[in-house]
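Trainee: Pasted the sequence and its predicted model underneath.
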Amino acid sequence: MKKTLRMLCALLAVVFTVLCAQPIPVQAATATPSSELAGFGFSVNASNYSYCYSLGKSTKTITDAAGHQILQMTTRIWVLRDNNSSAGDYYDVVLVWTEIVPLEYRINKNEIYIKAKGYPESLKTTFFPPEYRTSSPKSQTVSTTYSVGASAGADTLGFSAGISGSVSTQKNCLVITNQSNSPVNRSQIFYDYRPNIIYDSRFDYIGSTTEQIGITYIHSNNTSYPINMASNVNCGYVSLGVVFNGSNCVSSTQNRSFRPLF
């Protein structure tokens, strides 16, 4: 009997481990934002998008040539399927959320260790979906907030309306450029931070935890398909009130590959 119980417990442990290793499908339960997506700035109408596939988060710490940890970048990805989809004719939406956390460290200047803090100079998110339709945000200079979703014109591309999102910024510090390319199925959004060369109030935003979001609309003939995504962050640092960028910047890419399993 004890041997049987031990075998059963071992089997359950294996099953639990396998299940926990898989991305967890998240059901959008109401017409208001699901609690998970709302916490990251997205609003989803479940009457149009009743199923959301969550790919969880991935975190990478960026270091400079001297080994200083200067930034930490976390990405989260969700894929939603439009309820108008049918066999061989799938309409999906990819939601991407990126968080950049500047880290403090000390640099050696003539044998004197001076406190420094990293900051994001730019962020570029790129991936190649099977049949790229459109993406948002569009190119714009951001003053206080930017919105995604509505400007993508989803209702004219076979998608239902009902997905939006917004992020608050400060001090005209961000310029967004949509560098997507439909002929090659490339979705690419470039977030360009604009600090002065001297420390100013815009660092209230980019000198602290910074979030960016984006939405991409996809059409596919297959219910499941692979996507490779790259999040490239270019970062400088500020020390003694002076901003060090340009040749002082460090570039790092976080790659993620995923396959939504609807």
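Mentor: Alright, I've got the coordinates. Everything quoted here is computed from the prediction, not taken from an experiment.

Trainee: pLDDT of the strand or helix carrying residue 233, averaged?
Mentor: If you go by DSSP states H and E, residue 233 is part of strand 227-239. On average, the pLDDT along strand 227-239 is 93.

Trainee: average model confidence for the following helix or strand past it?
Mentor: Using DSSP H and E, the next helix or strand after strand 227-239 towards the C-terminus is strand 242-244. Averaging pLDDT along strand 242-244 gives 87.

Trainee: Next: stretch 211-219.
Mentor: In the prediction, stretch 211-219 has an average pLDDT of 94.

Trainee: how far out from the middle of the chain is it?
Mentor: 8 Å (Cα atoms, centre = their mean, to the nearest Å).

Trainee: For it, list every residue counted as buried.
Mentor: 212-219 (16 or more other Cβ atoms under 10 Å). Backbone N, C-alpha and C define where each C-beta goes, glycine included.

Trainee: Tell me the one among those residues nearest to residue 38.
Mentor: residue 213 (12.1 Å; Cβ to Cβ).

Trainee: on that earlier part again, give the pairing partners of the strand holding residue 233; include direction for each.
Mentor: Take DSSP bridges as the rule and strand 227-239 pairs in its sheet with strand 112-127 (antiparallel), strand 242-244 (antiparallel), strand 250-258 (antiparallel).

Trainee: Quick check: which ranges of the stretch 101-250 of the chain have low pLDDT?
Mentor: 150-153, 197-198 (pLDDT under 70).

Trainee: about what we covered before: quick one: which of the buried residues of stretch 211-219 is nearest residue 40?
Mentor: Closest to residue 40, out of all of these and judged by Cβ to Cβ, is residue 213, at 6.9 Å.

Trainee: Distance check, that closest one against residue 76.
Mentor: With distances taken as Cβ to Cβ, to the nearest Å, residue 213 is found 10 Å from residue 76.

Trainee: pretty sure residue 141 belongs to a strand, no?
Mentor: Yes. Secondary structure of residue 141 (DSSP: H, G, I helix; E, B strand; the rest coil): part of a strand.

Trainee: Make sure it is actually in contact with residue 171.
Mentor: No. In this structure, residue 141 is not within contact of residue 171 by Cβ atoms under 8 Å, at 11.8 Å.

Trainee: who's more crowded, these two?
Mentor: residue 171 (17 against 13; other Cβ atoms under 10 Å).

Trainee: Name the nearest residue to the more buried one, sequence neighbours excluded.
Mentor: residue 202 (4.0 Å; Cβ to Cβ, 6 or more residues apart in numbering).

Trainee: What separation do you get for that neighbour and residue 210?
Mentor: 11 Å.

Trainee: circling back: could you pull up the residues touching the residue nearest to residue 171?
Mentor: 170-173, 194-196 (Cβ atoms under 8 Å, 6 or more residues apart in numbering).

Trainee: try 10 Å this time
Mentor: 119, 169-174, 193-196 (Cβ atoms under 10 Å, 6 or more residues apart in numbering).

Trainee: Restrict those to the buried ones and give me that as a ChimeraX selection.
Mentor: Those of the contacts of residue 202 that count as buried under 16+ other Cβ under 10 Å are selected in ChimeraX with:
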select :119,169,170,171,173,174,193,195
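
Trainee: now the contacts of residue 202 in CSV, with secondary structure and distance to residue 254?
Mentor: Shown next, in CSV, are the contacts of residue 202 (DSSP: H, G, I helix; E, B strand; the rest coil; distance: Cβ to Cβ, whole Å):
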residue, secondary structure, distance to residue 254
119, strand, 17
169, coil, 22
170, coil, 25
171, coil, 27
172, coil, 27
173, coil, 22
174, strand, 20
193, strand, 17
194, coil, 23
195, coil, 22
196, coil, 28
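
Trainee: quick one, helices of the protein?
Mentor: 2-21, 35-38, 203-206 (DSSP state H).

Trainee: and the ones you listed, which one's lowest on average pLDDT?
Mentor: Among the helices of the chain, helix 2-21 scores lowest, at a mean of 36.
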